[in-house]
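>>> Following is a predicted model, sequence given first.
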Amino acid sequence: MSLKTKRNLNALLLNFLALLLIVYVAAPFLWMAIASFQGENELLKRPPSLIPQNPTLDNYNYVFTGKIPTAYEVKGQLRSRISQEARLIAPALKNSFIVAGSVMLINLLIATPAAYSFARIVFRGKKAAYNFILASRLMPAIAIAIPYFVIIQTLKLMDTYLALILIHLALTLPFTIWFLSLYISNIPREMEDASLVDGCTPFQSLVRIVAPMMAPGLVAAAAFAFMTSYNEFLFARFITQSIDSQTGPVIIASIAGNPDASYSLISVCITLGLIPPLILAVSMRKWLTEGLSASITFR
Amino acid sequence: MAVSAVAEQPIRRKARLWDRVYPYVSIMLPILVIALFTIYPVLYAVRISFYQYILTKPKVHPFIGFKNFTDVIGSYYFTNSLINTAVYTVAAVIGVLLFGLAVALLLNTKVRLSNWLRVIILLPWAIPAVVAGLMWKWMLNSDFGLLNGFLYAIGLIKDYIPFLADPALAKLSLIIAHIWKEGPLAAIFFLAGLQLIPSELYEAARIDGGGGWRIFRYITLPMLRPIILIVLVYETLTAILVFDLIYVLTGGGPGDATAMISWFAYAEIFKGLNLGHGIALSIIIALITLILILLYLRVLRTEEAVA
């Protein structure tokens, strides 16, 4: 075998491996999206059709307007499989956005000054405070779920946005502070030192000099905080009780947990629920990748 | 001159005081939020673990010492969930590391299809674990799942396989879903590590006549070692604490084939309605993870001492 054919064969094999991995990663997403445009009868066929035979928007129509898909009217016996709950997905995603958006903003507002102090200022108790913040994340979620429930009940915050925001802040702040202080300590100091000599306070120098230089880090930190909050399930499941505060993952899990649920409607809810994080992941790919890389390679 | 010096002094003193207080002010809010959700939960959990808290007997909470712990540790379910968790962790971590390494190596080449992989690799990482679990539950469904449909269509199977109803297959299914969800992050970390390796090293090795495997074995792997270690520990913790996936995918079943330790704690509280048992178990889980982290810090320190 000549060197060239060997190299071609190698490239072919690697492309094949890449294709397998692409299918593995993408198939569940594609299938959810495809299923959401199919009627229930078509979905339950053996084998299911990869290309919808009668593509329909009826499922989406039902979720947004309450109009029962025609596929169900034809086959009367499937009527019970319509899940009323599916119609809650829109308000649930609204709740998710309000909570995750607030968590993201508050993270940036209060974690950035803290991260700056940890990275640049010498003060007594700094190390203890920093270690405390990092160690707080070492508690397994299942271990603190019940105490969290008790705290929220004591504060009379059951089923409110504020409860979710507080808990998600406690979950995200340690990572944001750690990540941003790592980021800041990798920025050269000269400009800041000059500004401090010129009479700036640390806060002024943070706002005017450092913040613009750490913009990519801030974007990545904001995205991480938003995603963590948007995706969080366990605590949201415990401290929300009604659609007043139930978030996307809670409603999706609850719909899918219903043994009588319609699969077309589940796939609509999942597809709708995944659109925000997927848009975020694709559009911010560069920042997210850089942020993640930085978090593991910075010293 | 003298006049201005006098006027300046109080301002400067004020500024100095503010400078001294500022760091504490800047970290106060995050510390308060974190403290509320750290110190109280720990104290609460430790206290509850020494009392009988059975949710169907809300008025009786006698002090019972270590009975919650001994009850839990002595039960069949504890041993079972510990073995399940250990097997799951080993399989999941190996799977995630191999997947991450394969993807990272591919993304680091000029293979044409790797560009597509690059665009979509973050997607599983970006979505809620419960939703990932639901998607895989559907993919693996024994009546209309896509995987069954595919195997059936290409003629590999005559009857649909009940992936989630068979103890061994249910474990395998969980691992497939777990690698899908957690592998991408490992891939990004490994890729970051690969890009730190100076290209001169590869060139030198190639000039010396090193083949693909030898270069991987003697250059890539050793250079990647610190990152592999970090990913190993991170993924071990993630696998030990797995909950969301099990909650939607198998519910600990069939039987107790996929009842991991976090699931056991959840079931003690919400199915057995024994808060004391559940909390005692949670504390045991917390201690196991703590020991692992200390072990990790030790390994990392010796690593740094060597390097």
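Arrived safely, thanks for sending.
>>> Who are the contact partners of the closest residue in space to residue B:129 that isn't next to it in sequence?
Spatial nearest neighbour of residue B:129, excluding adjacent residues (C-beta to C-beta, 6 or more residues apart in numbering or on different chains): residue B:244 at 3.7 Å. The C-beta positions use only the backbone N, C-alpha and C, and glycine is treated the same way. Shown in contact with residue B:244 (C-beta atoms under 8 Å, 6 or more residues apart in numbering or on different chains): A:233, A:234, B:128, B:129, B:130, B:133.
>>> Closest one of those residues to residue B:197?
Lowest distance from residue B:197 to the contacts of residue B:244 (C-beta to C-beta) belongs to residue B:129, with 32.0 Å.
>>> Test my guess that the closest one contacts residue A:234.
No: using C-beta atoms under 8 Å as the test, residue B:129 is too far from residue A:234 to be in contact (9.4 Å).
>>> Relative to residue A:250, how far out is the residue nearest to residue B:129?
Applying C-beta to C-beta, to the nearest Å, the value for residue B:244 to residue A:250 is 12 Å.
>>> Which residues are in contact with each of these two?
With C-beta under 8 Å, 6+ apart as the test, residue B:244 and residue A:250 both reach residue A:233.
>>> all helices for the stretch 1-150 of chain A, in order.
A:3-35, A:40-43, A:58-65, A:70-74, A:89-120, A:126-135, A:141-154 (DSSP state H, counting those that start in this stretch).
>>> Now tabulate those in a markdown table and tack on distance to residue A:184, mean neighbour count and mean pLDDT.
Listed next are the helices of the stretch 1-150 of chain A as a markdown table, based on distance: least, C-beta to C-beta, whole Å; neighbours: other C-beta atoms under 10 Å in any protein chain shown; pLDDT from 0 to 100:
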| stretch | distance to residue A:184 | mean neighbour count | mean pLDDT |
| --- | --- | --- | --- |
| helix A:3-35 | 34 | 15 | 89 |
| helix A:40-43 | 51 | 18 | 77 |
| helix A:58-65 | 45 | 18 | 82 |
| helix A:70-74 | 56 | 15 | 62 |
| helix A:89-120 | 4 | 21 | 95 |
| helix A:126-135 | 13 | 15 | 91 |
| helix A:141-154 | 29 | 20 | 87 |
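>>> Centroid-nearest residue for the chain?
No chain in the question, so chain A it is. Taking C-alpha atoms, centre = their mean, the centroid of chain A lies closest to residue A:227, which sits 2.5 Å from it.
>>> right idea, wrong chain: chain B
Most central in chain B under C-alpha atoms, centre = their mean is residue B:238, positioned 1.6 Å from the mean C-alpha point.
>>> Remind me which helix or strand it belongs to.
Residue B:238 belongs to helix B:221-240 when assigned by DSSP states H and E.
>>> Quickly check: that helix near chain A or not.
Yes: contact between helix B:221-240 and chain A, assessed by C-beta under 8 Å from any C-beta of the partner chain, occurs at B:227, B:230, B:231.
>>> So the last one is in contact with residue B:186, correct?
Yes: Residue B:231 is in contact with residue B:186 according to C-beta under 8 Å; the separation is 5.1 Å.
>>> Now the common contact residues for the two.
Joint contacts of residue B:231 and residue B:186 (C-beta under 8 Å, 6+ apart) are B:96, B:97, B:100.
>>> Among these, which one sits closest to residue B:145?
residue B:96 (23.2 Å).
>>> In contact with the closest one, which residues are there?
Residue B:96 neighbours (C-beta under 8 Å, 6+ apart): B:178, B:179, B:182, B:183, B:186, B:231, B:235, B:239.
>>> make it 6 Å
Counting by C-beta atoms under 6 Å, 6 or more residues apart in numbering or on different chains, residue B:96 touches B:179, B:182, B:183, B:186, B:235.
>>> so where's the stretch 101-250 of chain B uncertain?
Along the stretch 101-250 of chain B, no part satisfies pLDDT under 70.
>>> how about the strands in it?
Per DSSP state E, counting those that start in this stretch, the stretch 101-250 of chain B carries no strands over any range.
>>> got the domain boundaries for the chain?
Chain wasn't specified; assuming chain A. Domain assignment for chain A by automatic domain parsing gives A:34-82, A:90-297.
>>> looking at chain B here, not the other one
Using automatic domain parsing, chain B is parsed into the domains B:2-37, B:75-273.
>>> what ranges do the helices span in the stretch 201-307 of chain B?
With DSSP H, counting those that start in this stretch as the criterion, the stretch 201-307 of chain B has helices spanning B:212-215, B:221-240, B:244-249, B:261-270, B:275-306.
>>> Reformat those helices into CSV and put distance to residue A:238 next to each item.
Listed next are the helices of the stretch 201-307 of chain B as CSV, based on distance: least, C-beta to C-beta, whole Å:
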stretch, distance to residue A:238
helix B:212-215, 50
helix B:221-240, 21
helix B:244-249, 12
helix B:261-270, 10
helix B:275-306, 13
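>>> helices or strands next to the strand or helix carrying residue A:224 in the packing?
For residue A:224, the enclosing helix or strand under DSSP H and E is helix A:215-231. Helices and strands touching helix A:215-231, as assessed by 3 or more C-beta pairs under 6 Å, 6 or more residues apart in numbering or on different chains; DSSP states H and E, comprise helix A:89-120, helix A:161-185, helix A:285-297.
>>> What's the per-residue pLDDT of residue A:298 here?
Per-residue confidence (pLDDT) for residue A:298: 66.
>>> ok, the residue lying closest to residue A:214 once chain neighbours are set aside - how many residues close by?
Among residues not flanking residue A:214 along the chain, residue A:183 sits closest, at 5.5 Å (C-beta to C-beta, 6+ apart). Residue A:183 has 23 neighbours, counted by other C-beta atoms under 10 Å in any protein chain shown.
>>> hey, C-alpha coordinates of stretch A:176-193 in PDB?
Coordinates of each C-alpha in stretch A:176-193 appear next as PDB, following Å, rounded to 0.1, in the frame of the first residue of the first chain:
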ATOM      1  CA  THR A 176     -18.800  32.900  38.800                       C
ATOM      2  CA  ILE A 177     -16.600  34.300  41.500                       C
ATOM      3  CA  TRP A 178     -14.000  31.600  41.000                       C
ATOM      4  CA  PHE A 179     -14.100  31.900  37.200                       C
ATOM      5  CA  LEU A 180     -13.900  35.700  37.100                       C
ATOM      6  CA  SER A 181     -11.200  36.000  39.700                       C
ATOM      7  CA  LEU A 182      -9.100  33.500  37.700                       C
ATOM      8  CA  TYR A 183      -9.800  35.600  34.600                       C
ATOM      9  CA  ILE A 184      -8.900  38.800  36.300                       C
ATOM     10  CA  SER A 185      -5.600  37.500  37.800                       C
ATOM     11  CA  ASN A 186      -4.600  36.500  34.200                       C
ATOM     12  CA  ILE A 187      -5.000  40.200  33.000                       C
ATOM     13  CA  PRO A 188      -1.800  42.200  33.200                       C
ATOM     14  CA  ARG A 189      -1.800  44.700  36.000                       C
ATOM     15  CA  GLU A 190       0.100  47.700  34.500                       C
ATOM     16  CA  MET A 191      -3.000  49.700  33.400                       C
ATOM     17  CA  GLU A 192      -4.700  49.300  36.800                       C
ATOM     18  CA  ASP A 193      -1.700  50.200  38.700                       C
END
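>>> ok, which stretches of the stretch 1-150 of chain B are helices?
Using DSSP H, counting those that start in this stretch, helices in the stretch 1-150 of chain B cover B:2-36, B:39-48, B:67-74, B:76-107, B:114-120, B:123-126, B:129-139, B:146-153.
>>> Return the alpha-carbon coordinates of the last one using PDB.
Included here for helix B:146-153 are C-alpha records, laid out as PDB according to Å, rounded to 0.1, in the frame of the first residue of the first chain:
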ATOM      1  CA  LEU B 146     -35.800   5.300  17.400                       C
ATOM      2  CA  LEU B 147     -33.000   2.900  18.300                       C
ATOM      3  CA  ASN B 148     -35.300  -0.100  18.100                       C
ATOM      4  CA  GLY B 149     -36.800   1.300  14.900                       C
ATOM      5  CA  PHE B 150     -33.400   1.600  13.400                       C
ATOM      6  CA  LEU B 151     -32.200  -1.800  14.400                       C
ATOM      7  CA  TYR B 152     -35.500  -3.300  13.100                       C
ATOM      8  CA  ALA B 153     -35.300  -1.400   9.800                       C
END
